[in-house]
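J.: what shape does this take:
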Amino acid sequence: MPKTGSSKSKKEQLHRVQITLVKSPIGYSVRHKATVRTLGLHRLNQTVEHVDSPTLRGMLAKINHLVEVVDVTEA
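T.: Predicted coordinates for the structure are as follows:
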């Protein structure tokens, strides 16, 4: 018997985070600037949303002084 809606329940289980660039990467290393760009951040106070993963958390740990991270809970 096939399960209905299994893909929807998977999407609901994905934890998401909002990342906002609050400080300019100018004056920091090229690696920090590249990490900011890889996250999709181009302007100050720009916010992007990504699925939480260990890779993402590692990137955020390297540039935690430049960004603000907020956990998103879907109601």
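J.: so L56 is in which element?
T.: For L56, the enclosing helix or strand under DSSP states H and E is helix 54-62.
J.: where do the helices sit along this structure?
T.: For the chain, the helices identified by DSSP state H occupy 6-13, 30-38, 54-62, in order along the chain.
J.: please look at L56 and H50 and confirm they touch.
T.: Yes - under the contact definition of Cβ atoms under 8 Å, L56 touches H50, with a separation of 5.6 Å. All C-beta spots, glycine's among them, are computed from the backbone N, C-alpha and C.
J.: report the set of residues contacting both of those two.
T.: V17 (Cβ atoms under 8 Å, 6 or more residues apart in numbering).
J.: related to what we said a few turns ago, turn the helices of the chain into CSV, including mean neighbour count and distance to V22.
T.: Output for the helices of the chain, formatted as CSV (neighbours: other Cβ atoms under 10 Å; distance: least, Cβ to Cβ, whole Å):
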stretch, mean neighbour count, distance to V22
helix 6-13, 9, 29
helix 30-38, 14, 11
helix 54-62, 12, 13
